[in-house]
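> A structural model of the following input is requested.
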Amino acid sequence: YGLVEAGKIWYNTLSAHLKTIGFKENPVEPCVFNKMSEKGKQISIALFVDDLKITSADRGAIEDLVESLRTKFKTITANSGEVHSYLGMTFDYRRKGSVKISMEKYVADLLAADQTSKTAATPATLELFSVDTNSPALDAKQKEEFHSRVAKLLYLAKRIRPDILCATNFLSTRVQCPTYEDLNKLKRLYMYLNGTRTLGLRLECNETGMEIYTFVDAAYGVHIDGKSHTDACISLGKGTMYNRSTKQKIVSKSSTEAELIALSDSSGQAIWTRNFLLGQGYKMDAAIVGQDNKSTMTKVDMGRSTSERTRHISIRYFWVKDRVDSNEITLRYVPTDVMVADILTKPLQADL
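I've put the predicted structure just below:
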């Protein structure tokens, strides 16, 4: 245990057993297995090393599977019910048709270690992306502590707190050369957490059924090196199950180009999500991708540059048109004031 090869050897061992009792891998996600029970209900297993999350409408099939695992691996612990923990998250299924996922103990432990007592209304000020080159650098011990605290916040943000993802992502770019300005931004983020420590993520079904909806947005030229910021979030109903907030890799010359880069870089995840759900046995329409820049949508529709100002844009950013033509994704205009992904591109203030 703990060796480089251990994880792969364990996966081979566990997956081999699951296959012998009739389970098959999802075609695009080898850590998800499925099988139909005798009652015609699908049993699904999500693996995270030696933690398994098992779901099925056939409770008896779950019990039979647990017994099979006990026979093979002897000592295992099984938890079930409407509220249980998995990978540090608490899943609450008590409201029909939805699940609330929270990490209140994790947040409480973070705040206790930091001894945070004040609160803040937002994760960051409008100056989040600004960098004061005259701010003193943290010493070696402070730098190590800064890195550790940001990493812990990133673990939280990527799972159930997309509201802090934008600020946390920026701070993660500063861990190699943090300054007192960065430390103050980190302290504000902790103060925001202190005022919102009970917030969690609630995922619910839509009345219209399961539909992949991806919101994609970009903030043009907000970083000190002139690069733009990309964000994307994916939902199957209410609540987002995937969130991404990151600095773009190249400098763009216009907001339209920045949006096109964001759209190209993010649509792949929407397509993967659709393929995953097809592999789970669901019939899925094209994934809907929401975009608030009509000029970008025009570029995608044309599949090429439409003016001298955009001839420099790499052809690889127009591959989205092929995905639209193949009915894998559908672009849909979303006004900026209802663009959910806005919270991942900039530090929104006040009521927003």
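> mind listing the strands for the protein?
Ranges of strands within the chain are 24-26, 29-36, 42-48, 51-56, 83-86, 89-92, 98-102, 201-204, 213-219, 229-235, 240-247, 287-291, 329-333, based on DSSP state E.
> which one, of those, ends up nearest to residue 300?
Closest to residue 300 of the strands of the chain is strand 329-333 (Cβ to Cβ; 6.2 Å). C-beta here means a position set from N, CA and C on the backbone, and glycine is covered the same way.
> show me what the closest one is packed against.
Strand 329-333 sits against helix 255-279, strand 287-291, helix 294-302, helix 319-325, with contacts defined as 3 or more Cβ pairs under 8 Å, 6 or more residues apart in numbering; DSSP states H and E.
> residue 69 is nearest to which of those?
When the helices and strands packed on strand 329-333 are compared by Cβ to Cβ, helix 255-279 sits nearest residue 69, at 22.8 Å.
> so where is this protein shaky, pLDDT-wise?
In the predicted model, the chain carries pLDDT under 70 at residues 1, 303-318, 343-346, 348-350, 352.
> quick check: phi and psi on residue 210?
Per-residue torsions, residue 210: phi -80, psi 130 (degrees, to the nearest 10).
> hmm, back to that, closest to residue 133 out of the strands of the chain?
Comparison of those against residue 133 by Cβ to Cβ identifies strand 240-247 as nearest, at 18.0 Å.
> which other helices and strands contact the closest one?
Secondary structure elements in contact with strand 240-247, counted by 3+ Cβ pairs under 8 Å, 6+ apart, are helix 165-172, strand 229-235, helix 255-279.
> in that strand, what counts as buried?
Neighbour counts over strand 240-247 (16 or more other Cβ atoms under 10 Å) mark 240, 242-247 as buried.
> now that strand against helix 165-172, angle please.
Counting by axes from the mean of the first three to the mean of the last three Cα atoms, to 10 degrees, strand 240-247 points 40 degrees away from the direction of helix 165-172.
> what residues are up against the residue lying closest to residue 197 once chain neighbours are set aside?
Of all residues not flanking residue 197 in the chain, residue 107 sits nearest, at 4.8 Å (Cβ to Cβ, 6 or more residues apart in numbering). Residues near residue 107 by Cβ atoms under 8 Å, 6 or more residues apart in numbering: 156, 193, 197.
> ok, so of those residues, who is nearest residue 103?
residue 156 (6.1 Å).
> ok, now how distant is the closest one from residue 92?
17 Å (Cβ to Cβ, to the nearest Å).
> sorry, back to before: which one of the strands of the chain lies closest to residue 140?
Using Cβ to Cβ, these put strand 240-247 closest to residue 140, at 25.9 Å.
> partner strands of the closest one and their direction?
Sheet pairing of strand 240-247 (DSSP bridges) gives strand 229-235 (antiparallel).
> list the contacts of the partner strand.
Residues outside strand 229-235 that contact it (Cβ under 8 Å, 6+ apart): 129, 162, 166, 212-219, 222-223, 240-248, 258, 261-262, 265-266, 269-270, 273, 340-346.
> ChimeraX command for the buried members of those residues?
In ChimeraX, a selection of the buried entries from those looks like this (16+ other Cβ under 10 Å):
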select :129,162,166,212,213,214,215,216,217,218,219,222,223,240,242,243,244,245,246,247,248,258,261,262,265,266,269,270,273,340,341,342,343,344,345,346
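> which of the helices and strands packed on strand 240-247 sits closest to residue 296?
Among those, the nearest to residue 296 by Cβ to Cβ is helix 255-279 (4.1 Å).
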